Structure formats: C-alpha cells, structure tokens
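J.: Provide a 3D model corresponding to the input given below.
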Amino acid sequence: MNESPSENIELQKPKLQTWELVYSGTWSAVYVKQLQHRNATETDPFSDTFESFAHLYSQLEQYRGKVKKLDYENMLRQEEIKSIVSDPGRQFTDSEKRILSLQEENISLMRQNDGTQKEILRMALKVKDLAKKEIQIMNLEQRCMKLDQENSILKDELTTLQLMYKKSEEENKKLKGENNLMLEKILVHKKEEVDIINLKNETMKMIRDHQMFYELENARKEDPSPEQSLEFLRSLSELSMRSQGGSAQGGQAAGGRNMGIFARMFRKSESDGDDTEARSNTISSLSRTRMYSGPSIKPTTVVNKVDAHSNEIYSLAFSYQGTLFATGGADKTIKLWRSSNLPQVESVSTLVGCNAGVMSIDIDERDQYLIAGSNDSAVRIWQIAGGQIRSTLMGHDNKILTVKFYNHSQRAVSGSHDRTLRLWDVRTSKNMRTIFARSSCNDLAVLSDSGTSIVSGHFDKRLRFWDDRQDTSSYEMLMDGRITSIDLSSCGKYLVCSCKDTSAIKFIDLKLNQAIATFTADGLRIGEQTRCSFSPDGQYVAVGSTDGHIYLWNTRTLKREDIPKSHNSMVPAIRWHPFGQAFISLEKSKRFFVWSNTDL
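T.: Numbers count the residues shown, from 1 in each chain. As a prediction, the model looks like this:
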C-alpha cells in the first residue's frame with residue numbers, strides 16, 4: 001500500500017526526461033532547465049539521505065510486524081496462564097508448579113533488577129558529578145598556582161615602584177628647590193627688564209623733549225650755550241649705553257644727572273606748572289563724559305586697511321576722547337595709533353613688557369594710562385605718554401581674558417580663566433578683593449561710574465551681577481550658550497552679550513532684568529574670542545563672525561542691516577569711534593580695517 005520515498009524519486013526521473021523531450025524545442029525549455037537546475041541543487045545532494053531513509057523505513061516496518069507477532073504470542077500465553085490459575089479444582093503437575101514458581105521468582109527478580117538499575121543510574125550520575133568537581137578542583141589549583149606566580153611578580157614590581165617613587169620624590173624635592181631659585185631669579189630678571197624698558201622709554205622721552213626744546217629756542221632765536229649742549233649730549237649718550245648694557249642702577253644714576261641738567265635747561269617751564277596742572281584738571285573733568293557728535297552712522301565702506309601686528313590680533317580699545325586707540329595681539333605687544341584724522345591712522349608707539357598674547361585692553365578716562373590682561377596671568381598698567389610700565393599686578397593662576405578701569409579709573413577689575421575676579425587699587429597696585437565666580441570669566445562691564453556694580457559673562461552661560469563690596473553675586477541670568485563678550489550701552493540701560501553655542505546676540509533691558517530681543521542671522525558663527533559692541537548712541541549692535549562677515553542690527557527696529565563682506569578671516573572685535581562716525585574691525589590675521597559711510 002505505502003510507497004517508499006526512494007520509489008517516488010525513481011518514478012519522477014522519467015517524467016523530467018519526458019518533459020525535456022516534449023518541450024525541448026519550445027519557449028518552456030528554459031523553464032524546464034531551471035527546474036532541472038533546481039532539482040540538481042536542491043534534490044540530488046539529498047538523494048543518499050532519501051535512500052537511507054527508505055531503507056530504514058522498510059526495516060522499521062519489518063520490526064513492527066515482528067513486535068506485533070510477539071505481542072500476539074505473549075497475549076495467548078498470558079490467557080493460558082490465567083485460565084490455569086483461575087481453575088481452583090485443577091491439579092498442577094510438578095512441571096507446571098515449577099513454571100509458576102519460576103514466573104513469580106522472575107517477576108520478583110525483575111522488580112529487584114529495576115530498583116538496582118535505578119540505583120546504578122543514580123550512582124553513575126554521582127560519579128559523573130564527582131568527576132566534574134575533580135576537574136574543577138584541578139583547574140582551581142592550576143589557577144591558584146598561576147595567581148601565586150603573578151602575585152610574586154606584582155610584589156617585586158611594587159617593591160621596584162616604591163623605590164622609584166622614593167627616588168622620584170627626592171628628585172621632585174630637588175627640582176622644586178631649583179624651581180624656586182629659578183623663579184626668584186626670573187622675578188629679579190623681570191624687574192631689571194622692566195627697569196631697563198622704563199629707562200629706555202625715559203631716554204626716548206628726554207630726546208623728544210630736548211628736540212622740542214631746541215625747536216622752541218630756535219623759534220625764539222635764543223640758542224643754548226655750547227657748553228650746556230655738550231654736557232647734555234654726553235650725559236644722554238652715557239645713559240643710553242648703560243641702559244643697553246643692562247645696568248639698571250647705573251642707568252638710573254645717569255638718568256638722575258640728566259634730569260638735573262634737563263631741569264636747569266627747562267627752568268622757565270617750571271614756573272608755568274600751576275597753569276599746566278589747572279589745565280590738566282579741567283581736561284580730566286571733561287573727559288569723564290564722552291562727547292558724541294550726533295547719531296552714529298551705519299558703516300558700509302572700508303576706507304583704510306592697516307597691517308598692525310606681526311601675529312594674530314585679539315583686542316582693541318579707543319581712548320575716551322577718540323584721539324587714540326590701542327591694539328593687542330599674539331606678538332606680546334600693544335600698539336598705540338592716532339585716530340584724530342580718520343580714516344588716516346598713524347602709529348604712535350609700541351608698548352612692550354608682556355610675556356604672552358594680549359587678550360584685553362582698556363584706557364582710563366583721562367587718557368593717561370592703559371591697562372592690559374595677558375595670557376601670562378599678569379595685569380600690567382602703562383603710562384601712555386612715556387610708554388613706561390607703571391605697575392604689574394600679579395595674582396591670577398591662569399590667562400586673563402578681560403580687564404576694565406572703573407571708579408573714575410582709580411580701580412581696576414580683571415577676569416580670568418581661573419574662575420576668579422580680582423579688584424585692584426590702581427594707585428597702590430594692591431589686590432583689594434578676590435571673588436570666586438565659579439566659572440571662567442570671558443568679559444566684564446561696569447554698570448556705574450562710581451564702580452560699585454559690575455557684570456561678568458561666563459563660560460557656564462551665566463551673567464553675574466556683583467557689588468564690589470561683596471564676595472557673592474547679587475543676581476544671575478542664564479543665557480542660551482557660553483558667553484564670549486558683553487557690552488553696555490552709553491545710557492547704561494541696556495546690555496548685549498554674545499553666546500557661542502547658539503551664535504546669537506542677547507539684547508537685555510537692565511531695568512526688567514530680562515532679554516527683550518535675540519539677534520541671529522544665517523551664517524553667523526561666534527567664536528571663543530568674538531566681541532560684540534554697541535554704537536556710541538546705542539542705535540546699533542555689531543559683531544564679527546568666524547567666516548569674516550560683520551553683522552549689524554538696529555536696536556530700534558530690531559532688524560538686521562546689511563554690511564558687505566571685506567575680511568578674509570575671523571573678525572574677533574569691533575569698536576565704534578567715540579564720535580560714532582566710523583568704526584574699526586579687527587581681522588585675526590594681523591590687521592585692522594577702518595570703516596565709514598562718509599568722508600571724514
């Protein structure tokens with residue numbers, strides 16, 4: 001009835017050959033070939049398996065027949081035994097009794113055998129578990145031996161490292177001692193260097209004053225005596241030679257003698273000292289308030305390009321009266337420029353003394369002193385007229401990112417990457433207070449001329465408002481991104497800050513203590529050193545982008561004003577001229593541009 005799989009396979013092969021003969025010349029030949037290919041790949045590899053299965057299936061059927069036959073015979077014997085046992089009157093023969101006894105004994109033995117086999121199986125499982133545990137014990141013993149070896153090696157290494165550490169500590173102590181000696185020598189050397197620089201600047205000032213004296217004397221047709229001139233020139237030459245040779249004390253002594261001669265030659269000017277001081281006080285009182293000539297214009301045209309530094313340029317500041325401005329850069333110098341005849345600018349002098357790039361500059365309200373913060377963690381104050389370093393303020397532990405004069409330029413505040421603000425007395429060069437700001441300070445603004453309110457912008461996206469008499473901030477504002485710069489409007493009512501993460505400018509009303517507008521633009525990318533700026537009348541806000549564009553917004557209409565692109569690299573800072581008729585933009589690659597939309 002049932003056909004084996006091997007027989008089915010043999011029956012299918014002729015059919016495939018018949019299809020091939022029938023359809024060999026038609027379009028379905030391809031289909032037949034595909035079926036043959038499928039059989040070759042999917043059926044033929046398993047033909048041996050199918051044959052084995054068919055053979056086993058036939059044997060299974062044979063064994064099934066035998067089992068049925070044995071079951072039938074066993075059933076007959078069981079019935080026969082039951083019939084014999086159920087007949088009580090029947091007399092059993094000795095052989096039948098023997099058979100019944102053996103059957104009962106066989107059943108009992110089979111039951112015992114079954115229990116014995118179960119016990120044997122249980123014991124075999126236990127033996128197997130014991131063998132596994134013995135293997136695990138052997139593995140653990142080997143691992144313990146290996147760990148003991150590694151532990152011994154580590155002990156040796158620890159002993160060696162302890163000896164090396166002890167030796168390193170001794171060397172470190174020795175190096176610390178040498179470092180302290182080197183620091184003392186460096187401080188002495190820097191002090192001598194500052195004295196030499198001041199002496200050179202003093203010499204140059206004396207030369208200029210001497211030239212001016214002779215020009216005045218020639219104008220009056222009253223030439224000094226030859227003996228006086230000869231004595232002055234000899235002393236001046238001696239002073240210059242000693243200052244170049246590095247002898248500060250000898251140079252100062254020579255400078256003292258020259259100043260005595262110089263004082264005698266200018267004895268007439270001493271009688272006018274009171275009038276000069278009165279004029280200075282008058283100018284000082286006027287300089288406390290910046291004077292603007294009308295509304296600020298929107299700069300649209302580059303009228304001058306100047307190569308300013310030998311390396312990248314970072315910072316820019318105008319004097320209060322707009323006659324000077326200063327630039328600082330990675331070449332460790334500050335350059336002063338005359339801006340009274342814009343768009344033409346003239347280099348006035350170069351201030352030296354910094355040991356790293358100059359990150360921030362400010363000029364006092366009398367245009368007498370300039371303060372700068374450097375990457376060498378020092379704040380320095382120069383006298384603008386003579387170019388001398390007036391004082392060096394030390395205390396910060398990291399680069400200084402911003403400095404400002406305040407309180408009528410009698411005090412200064414500095415913000416550093418070391419997350420502190422330091423307040424300085426300009427007259428005594430002392431650190432009055434150190435404030436822990438909890439985050440790197442990137443820029444500062446003074447909210448009142450009396451200098452009690454200061455606002456700082458930080459890396460942690462917060463504006464912090466300070467009273468310089470307190471150690472904690474009085475108020476904080478959270479912005480959308482890391483703050484790179486802040487600037488205060490001339491009226492003192494508004495503040496702008498640039499945020500790096502969102503590349504946006506926040507326009508803040510200080511009375512409301514909240515941002516009233518956000519200035520953004522497609523393409524604006526604010527960098528770590530980007531500085532935004534108000535126009536003098538507060539009508540415009542400008543900021544430079546890392547791609548060289550300058551973006552300008554009108555604070556009255558809150559709309560963006562178009563400015564053509566002129567820079568080829570990042571614009572770190574922009575500052576309007578105090579009169580509002582032009583502004584200057586820095587290009588990080590060593591130069592600055594003067595902009596205007598009128599002929600100055």
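
J.: can we go C-alpha only for contacts and neighbour counts from here?
T.: OK.

J.: which helix runs longest in the protein?
T.: helix 94-220 (DSSP state H).

J.: same for that helix, what does it pack against?
T.: Applying 3 or more Cα pairs under 8 Å, 6 or more residues apart in numbering; DSSP states H and E, we find helix 94-220 packed against helix 226-245, helix 248-265, strand 388-394.

J.: angle of that helix against strand 388-394?
T.: Here helix 94-220 runs at an angle of 160 degrees relative to strand 388-394 (axes from the mean of the first three to the mean of the last three Cα atoms, to 10 degrees).

J.: chain center to helix 94-220: distance?
T.: 29 Å (Cα atoms, centre = their mean, to the nearest Å).

J.: one step back: now the weakest link among the helices and strands packed on helix 94-220, please, by mean pLDDT.
T.: Ranked on mean pLDDT, the bottom entry among the helices and strands packed on helix 94-220 is helix 248-265, at a mean of 41.

J.: find the centremost residue of the protein, please.
T.: Geometric centre of the chain, nearest residue: Glu528, 9.1 Å, by Cα atoms, centre = their mean.

J.: pull the number of nearby residues for the spatially closest residue to it that is not a sequence neighbour.
T.: Leaving aside its sequence neighbours, Glu528 sits nearest to Thr484 (Cα to Cα, 6 or more residues apart in numbering; 6.0 Å). With neighbours defined by other Cα atoms under 10 Å, the count for Thr484 comes to 25.

J.: cool, and Thr472?
T.: When neighbours are defined as other Cα under 10 Å, Thr472 has 14 of them.

J.: and it, which helix or strand is it part of?
T.: If you go by DSSP states H and E, Thr472 is not part of any helix or strand.

J.: which ones are touching it?
T.: Counting by Cα atoms under 8 Å, 6 or more residues apart in numbering, Thr472 touches Ile435, Trp466.

J.: Gly386 contacts Thr203, correct?
T.: No - counting by Cα atoms under 8 Å, Gly386 stays clear of Thr203, with 9.5 Å between them.

J.: which of these two has more neighbours?
T.: Per other Cα under 10 Å, whichever of Gly386 and Thr203 has more neighbours is Thr203, with 21 against 18.

J.: give me the pLDDT value at the more buried one.
T.: With respect to pLDDT, Thr203 has a value of 79.

J.: thinking again about what came up before, please name the residues that touch the residue nearest to Glu528.
T.: By Cα under 8 Å, 6+ apart, Thr484 lies in contact with 442-443, 457-459, 497-500, 527-531.

J.: filter the residues you listed down to just the ones in strands.
T.: Asn442, Asp443, Gly457, His458, Cys497, Ser498, Cys499 (DSSP state E).

J.: can you give me the strands for the stretch 251-400 of the chain?
T.: Assigned by DSSP state E, counting those that start in this stretch, the stretch 251-400 of the chain shows strands spanning 301-307, 313-318, 324-329, 334-338, 346-351, 358-363, 369-374, 378-383, 388-394, 400-406.

J.: chain neighbours aside, what residue packs nearest to Leu324?
T.: Per Cα to Cα, 6+ apart, closest to Leu324 is Arg338, 4.6 Å.

J.: okay, now the one you found: neighbour count?
T.: Neighbours of Arg338 using other Cα under 10 Å come to 18.

J.: same question for Leu478.
T.: Neighbours of Leu478 under the rule other Cα under 10 Å: 14.

J.: residues in contact with it?
T.: So Leu478 contacts Lys461, Arg462, Leu463 (Cα under 8 Å, 6+ apart).

J.: wouldn't the second one be in contact with Ser485 here?
T.: No - proximity of Arg462 to Ser485 does not meet the contact threshold set by Cα under 8 Å, at 11.5 Å.

J.: looking at the two, which one has more neighbours?
T.: Of the pair Arg462 and Ser485, Ser485 is the one with more neighbours under other Cα under 10 Å, namely 27 against 19.

J.: in a helix, that's where that one is, yeah?
T.: No - read with DSSP: H, G, I helix; E, B strand; the rest coil, Ser485 is strand and lies in no helix.

J.: what's it in contact with, if anything?
T.: Contacts for Ser485 (Cα under 8 Å, 6+ apart) come out as Asn442, Asp443, Leu444, Gly457, Cys497, Ser498, Cys499, Gln529, Thr530, Arg531, Cys532.
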